[in-house]
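**Student:** Predicted structure and sequence below. I'll ask about it afterward.
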Amino acid sequence: MNASVIAAHDLQHVFAMRTGLFARRPLYALDGVSLDLGRNETIALVGESGSGKTTLGRLLVGLQTPSRGQVTYRGQDLAALRGEAWRAFRRAAQVVFQDPAASLNPRRSVASAVATGLEGHLGLRGTALYTRVDELLENVGMPPAQYRDRLPHELSGGQRQRVAIARAIAVDPEVLIADEPVSALDVSVRAHILRLLQRLQHERGLACLLITHDLGVARAIADRVVVLYLGRIVEQGPAETLLDRPRHPYTRSLLDASPRPDPARAREPQAPRGEIPSAVNRPTGCHFHPRCPHAVDRCREETPNLRSFDDGRLAACHRAEEL
Amino acid sequence: MTGLALAPRNTLWSRLRRRPGATLAMAAIAISVLVAIAAPLLALRDPFSGSAASLLPPLSPGHPLGTDHLGRDLWSQLVYGARVSLAVGILAAASAVLIGTAIGAIAGYVGGVLDNALMRLAEFFQTLPRFVLAIVTIAFFGSSVLHVIIVIAILSWPQTARLVRAGVITLRSAAFVEAARLGGKSDTAIVVREILPNVIAPIVVTGSLDVAAAILLEAGLGFFGLGDPNLVSWGGMLNQAQQYLRQAWWMSVFPGLAITVVVLAFNLLGDALNDALNPRLRDAP
Amino acid sequence: MTEPLLDVRDLRVSLRRSGREVSVVDGVSLAIAPGEFVGLVGESGCGKSMTAFGLVNLFPTPAAHLAGGTVTFHGGRRLDGLPPAAMRRIRGAEIGMVFQDPNTYLDPLLPIGHQIAEALREHDFAGDVDARVLELLTLMEIPDPALAVRRFPHELSGGQRQRALIAAALAMNPKLLIADEPTTALDVTIQAAILDLLRRLRRQLGIGVLLITHDLGVIAETCDRVYVMYAGRIVESNTTASLFATPRHPYSQGLIKATLRPDRREALFSIPGQVPSPDSPPAGCRFHPRCPIAIAKCMGQSPELVSYDSGSVACHRAHDPAARTTWSASAA
Ligand SMILES: Nc1ncnc2c1ncn2[C@@H]1O[C@H](COP(=O)(O)OP(=O)(O)OP(=O)(O)O)[C@@H](O)[C@H]1O
Ligand SMILES: Nc1ncnc2c1ncn2[C@@H]1O[C@H](COP(=O)(O)OP(=O)(O)O)[C@@H](O)[C@H]1O
Ligand code: SF4
Ligand code: SF4
Ligand SMILES: [Mg+2]
Ligand SMILES: [Mg+2]
């Protein structure tokens, strides 16, 4: 693997959740997460809603500060970055947000969205700025003459996401966090956007964290897959082997729940059993045990550690070998 | 996500025009502003110069609205009075909106202790009895248009501040604001260029209601004889009319009508803007 | 088929735009039997949502309106041309709706429990509203429903927010559920759970479902029959099994090929070009500018929807063996 550009070390992030008028309880959005993101690599971060994917993404780019643990950028702790060093990092790590409609200011044109970082980080003005904006629009497949002056509501969802991508890559980032970049889009537009991300990632050697709940998307462009469950990594490994032969029962149930264009498979119940536990009330031991078809007594008491296996995978399950 | 390119023209202007009240209000405001601007042309004589023809009724030759107890032409007074009323209304409201927007934006964006302090301050100003305070201030500092404007502005900003603060709080964590932050934009640039344009609606609405309130307050001060003695104002005209209610109804009716129409117009416009700018109602069938 | 729950013939929806009538749904016919699970699939902009709005005569914009066709609901009642008050009663209780883009329906300043309760009161729910809200949140598998009732939208994750809205739509136990992209923004397990739930409701209550989606994976998992829609028209319909086994229309074939699969890595495929704007639909077969096997006839003459076996298809080359593998050469 490449040298890591950005890494998470034993991150924990706690929100205070209102449980009554005055009562607040800790909500563990992330707990003991470590992750390495290297140059020229796409990691798919998968997991259910509320598993902490977005939170991890936000901690990695410094939009939020972890409650515990550290994020390092080229080996330096983010918390220690100041002044120029912090600005350099801010420029190096960019985000494509989940909802393309919400991530563009409804009152500002396509060009000014793309210009955001060029003005803010690179201080470009005037002709230099316009030329660069046009190049970027061209690069994401939006003819500038036609789209430059449009407002977000005059674009389709796919086009909005292209603009958001152009804005993110404008400042030549090293790290790109794409939070569900295609889940708000049509199946047929998804391939366009994913191909665009894939191309940019190769061209620029980006370290790319692709947050998705769609294993089909992960399969299509990820090198590695990281599976998150209630704030913890439960399995991690190369995309192919992990999705072909999941080691963790949770990964398997995610796979079972994923739709595929195959009516023959249809009538089996696909949803994993039981409810998603709340991050306020996490089950003891293995967090997955109330929903796990293979749970044994030990699972209720003892939290499984993330262990490595010889096929390059990590999994946190007591019974990973037998299953 | 696909529909919008095809959406019918749905500008603020076209939405406003669909409301009959708004059209009327805008017409009334436009006319009164024109009258105020063109006062020297429209006035028939010097509003201050009296004559022997005192208390002439309306439709007297040369005095379409009659004259007052000193023989001054009411029409000319009314026309010049529009200048004072509108100037006070608009300038006071504009200052209130500026102060309120700045304070609300800072409170909402910075949050924490500063937010708390600023909002306590806003509360304090809102609980003050406006009219009494205006009277006390004028009595203390003397009566001039500038003082009136300042007093009204100081009393009116909290409304705007609250609304702007609420808007800023919802938007400061919006994805497009975070994108601007990642883009290296300064906090000032984020507030001014990204957030404020999206909270323009409450600003415009309260601004328009503020104008109405300011005109009314100014007229009230004038009515109690606290207006600028060197200028004709509608309130001042009413003040003079008090003693002649029986002999000369026209002295009170015309300025009273002018105040009512203009205040109502700004209120109507405020309401219509509120509806027209509300995104929930915007696409309602 | 027994008497259908919903029978739609030649439905037309137009939009008034700068004085011109633009047709966005152009003669759609479809039927749903009681308890049947029917899919309507197509890319965004094809008119799926407008078809759904047309069925209940409720449009998000005053510019849209019914321009023809009949809609017959349970018991032979005609829905087209029903007075608004009567239509509202049916919409509330007998036809439930989950529409696309539910985020605009959530008030950021109100707790979600409050908002679901509002939906119940709007339809005069006779019963314990609070208990029902709790039951619905539980049904939607929202963690800690008793606490969730009091949470504000921004305190929920994206998926949890969507589930709250679906709870509101299912609140009145409708006979027919029109679900427009109900799971598009949800993650897979919730999607699977919602689809399970819809299947269960259908089985237990005999509820009919019209599921609108652009994801053929979702259709395959749930629907008995499918209608494929392109540019305001139905281009193919069949039982789900036959459609996936032998898609006849090049558009259906392209959609299937574009669907991402978690079980194998395939080259990313998308149908070239895009859905035409309804302002200027292409002449002849509306798909011809994107169709790799178009022939001269396709540009001049619009293909009729022709029945065969269990389905029907509108393509001049439907019976040409070459048209079975439209995209094999041009995979890219
Ligand atoms: N600002 C916040 N205040 C309180 N709780 C929060 C906040 N943001 C997130 N959470 C909680 O933290 C947990 C993780 O949330 P996060 O948004 O990271 O999930 P996610 O995996 O991205 O989910 P989704 O797929 O729905 O986007 C959830 O339980 C969520 O409710
Ligand atoms: N609110 C709207 N105003 C104007 N046009 C609309 C609106 N909603 C949809 N349309 C147009 O109607 C056509 C059909 O759209 P829609 O039914 O939403 O498609 P789908 O649901 O298949 O994505 C599209 O061309 C779209 O642009
Ligand atoms: S540790 Fe036990 S409960 Fe957890 S996934 Fe493994 S078998 Fe299931
Ligand atoms: S009718 Fe012609 S253009 Fe249309 S789908 Fe069939 S072959 Fe293609
Ligand atoms: Mg998320
Ligand atoms: Mg739609």
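**Tutor:** Here it is on my side, so go on. Ligands and ions are numbered 1, 2, ... in the order given.

**Student:** For the rest of this, base every contact and every neighbour count on C-alpha atoms.
**Tutor:** OK.

**Student:** so where's the longest helix in the chain?
**Tutor:** Just going to use chain A. Assignment by DSSP state H gives helix A:187-204 as the longest helix of chain A.

**Student:** was after chain C, sorry
**Tutor:** Ranked by number of residues, the top helix in chain C under DSSP H is helix C:188-205.

**Student:** Can you tell me which helices and strands the longest helix of chain A packs against?
**Tutor:** With contacts defined as 3 or more C-alpha pairs under 8 Å, 6 or more residues apart in numbering or on different chains; DSSP states H and E, the packing partners of helix A:187-204 are helix A:157-169, helix C:250-258.

**Student:** next helix or strand past that helix?
**Tutor:** Using DSSP states H and E, the next helix or strand after helix A:187-204 towards the C-terminus is strand A:207-212.

**Student:** Quickly check: the longest helix of chain C near ligand 1 or not.
**Tutor:** No: shown here: helix C:188-205 not in contact with ligand 1 (C-alpha under 6 Å from any ligand atom), separated by at least 9.7 Å.

**Student:** quick one: the closest residue to ligand 2 within the stretch 1-150 of chain A and residue B:176, what's the gap?
**Tutor:** In the stretch 1-150 of chain A, no residue comes nearer to ligand 2 than residue A:101, which is 15.4 Å away by C-alpha to the nearest ligand atom. The spacing between residue A:101 and residue B:176, counted by C-alpha to C-alpha, to the nearest Å, is 9 Å.

**Student:** Which of the two has more residues huddled nearby?
**Tutor:** For residue A:101 versus residue B:176, the count of surrounding residues by other C-alpha atoms under 10 Å in any protein chain shown is larger for residue B:176: 25 against 21.

**Student:** And for that one, nearest residue in space, chain neighbours not counted?
**Tutor:** Excluding the flanking residues, the one nearest residue B:176 by C-alpha to C-alpha, 6 or more residues apart in numbering or on different chains is residue A:103, at 4.1 Å.

**Student:** What segments of chain A are helices?
**Tutor:** Under DSSP H, chain A gives helices at A:53-60, A:83-92, A:110-120, A:126-139, A:144-147, A:157-169, A:187-204, A:215-221, A:239-244, A:249-257, A:297-301.

**Student:** Out of those helices, flag the one nearest residue C:321.
**Tutor:** helix A:187-204 (25.1 Å; C-alpha to C-alpha).

**Student:** That closest one: which residues count as buried?
**Tutor:** By 16 or more other C-alpha atoms under 10 Å in any protein chain shown, the buried positions in helix A:187-204 come out as A:187-198, A:200-201.

**Student:** which residues touch residue A:207?
**Tutor:** A:5, A:37, A:38, A:39, A:40, A:41, A:42, A:174, A:175, A:176, A:201 (C-alpha atoms under 8 Å, 6 or more residues apart in numbering or on different chains).

**Student:** could you redo the last one with a cut-off of 7 Å?
**Tutor:** Residue A:207 sits next to A:37, A:38, A:39, A:40, A:41, A:42, A:174, A:175, A:176 when contact means C-alpha atoms under 7 Å, 6 or more residues apart in numbering or on different chains.

**Student:** tally of neighbours for the last one?
**Tutor:** Okay, so that is residue A:176. The burial count for residue A:176: 25, using other C-alpha under 10 Å.

**Student:** Wait, it touches residue A:95, no?
**Tutor:** Yes: taking contacts as C-alpha atoms under 7 Å, residue A:176 lies within contact range of residue A:95: 5.7 Å.

**Student:** picking up where we left off before, strands - which of the contacts of residue A:207 land there?
**Tutor:** Taking DSSP state E as the definition of strands, those contribute A:37, A:38, A:41, A:42, A:175, A:176.

**Student:** Quick check: the two most widely separated of those residues?
**Tutor:** So for the ones in strands among the contacts of residue A:207, where distance means C-alpha to C-alpha, the most widely separated pair is A:38 and A:176, at 11.2 Å.
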